[in-house]
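In: Could you work out the structure for the sequence below:
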Amino acid sequence: MKEKIEQKLRAAFGEAVMSIDEFKGQVNVDVKRDRIVDVCRLLKEDPDLGFNYLSDVCGADMLNFDDISARKAYLAIEHESRPEQVPTDERFLVVYQLTSLKNKERVRLKVRVDGDNPVCPSVTSVYPAANWPEREAFDMLGIVFEGHPDMRRMYMPEEYEYYPLRKDFPLMGVPGSIPLPRK
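Out: Below you'll find the predicted structure:
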């Protein structure tokens, strides 16, 4: 399946597909942020591939590296390049897990998002099921999904200015940021 996915994605998107690999039988595709909607549409609508089920969307914070050279080396492995060529501003990762029920195959798409301006296109136009997981990634990590039909918080109060799953969020929370129930 990896060869078929790679052939179709490379033919349609070229350099927008940064890397494709396989780990333990699952295909992983690194996609440029601005092409994620088009890649999802092709994977869903292509009759040979038929990735018609979005099982998950989640975000990850890549901040927790003690020194920047370790982070650059880690990213270089994924980019198959030298550490000095890897951008260090890709703080967040948005991960999409797609399933082809017809072919009984899964593919993982990864999109890197800038830490200073964490914006990623919404895939709700292709997979309506992305609605709540994208909102959760927004609420917990602060990743804004452009084009999302209802980009508001799910768990935290609307006026809450912090994002609890960011790695720089204090473990004990921010004192006084949320009124707690009385004992």
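In: Name the SS class of residue 18, please.
Out: The three-state label given to residue 18 by DSSP: H, G, I helix; E, B strand; the rest coil is strand.
In: so the nearest residue to it once chain neighbours are set aside, which of the three states?
Out: Closest residue to residue 18 apart from its sequence neighbours, by Cβ to Cβ, 6 or more residues apart in numbering: residue 30 at 4.1 Å. Bear in mind the C-beta positions are built from the backbone N, C-alpha and C, glycine included. What three-state DSSP gives for residue 30 is strand.
In: Confirm for me that residue 30 is in contact with residue 19.
Out: Yes: under the criterion of Cβ atoms under 8 Å, residue 30 makes contact with residue 19 at 4.4 Å.
In: quick one: which of these two has more around it?
Out: Between residue 30 and residue 19, counting by other Cβ atoms under 10 Å, residue 30 is the more crowded of the two (19 against 13).
In: Centre-most residue in this protein?
Out: In the chain, the centroid-proximal residue (Cα atoms, centre = their mean) is residue 94; its distance is 0.9 Å.
In: Pull the residues that contact the strand or helix carrying that residue.
Out: Residue 94 belongs to strand 92-100 when assigned by DSSP states H and E. The contact list for strand 92-100, computed with Cβ atoms under 8 Å, 6 or more residues apart in numbering, reads 36, 40, 43-44, 49-62, 105-115, 118, 120, 123, 130, 137, 141, 143.
In: Of those residues, which belong to helices?
Out: Counted as lying in helices by DSSP state H, out of the contacts of strand 92-100, are 36, 40, 43-44, 137, 141.
In: top of those by neighbour count?
Out: residue 137 (27 neighbours).
In: Name the nearest residue to it, ignoring sequence neighbours.
Out: residue 59 (3.8 Å).
In: can you pull the buried residues of the host helix or strand of residue 27?
Out: Residue 27 belongs to strand 26-31 when assigned by DSSP H and E. If you call a residue buried by 16 or more other Cβ atoms under 10 Å, then strand 26-31 has these buried ones: 27-31.
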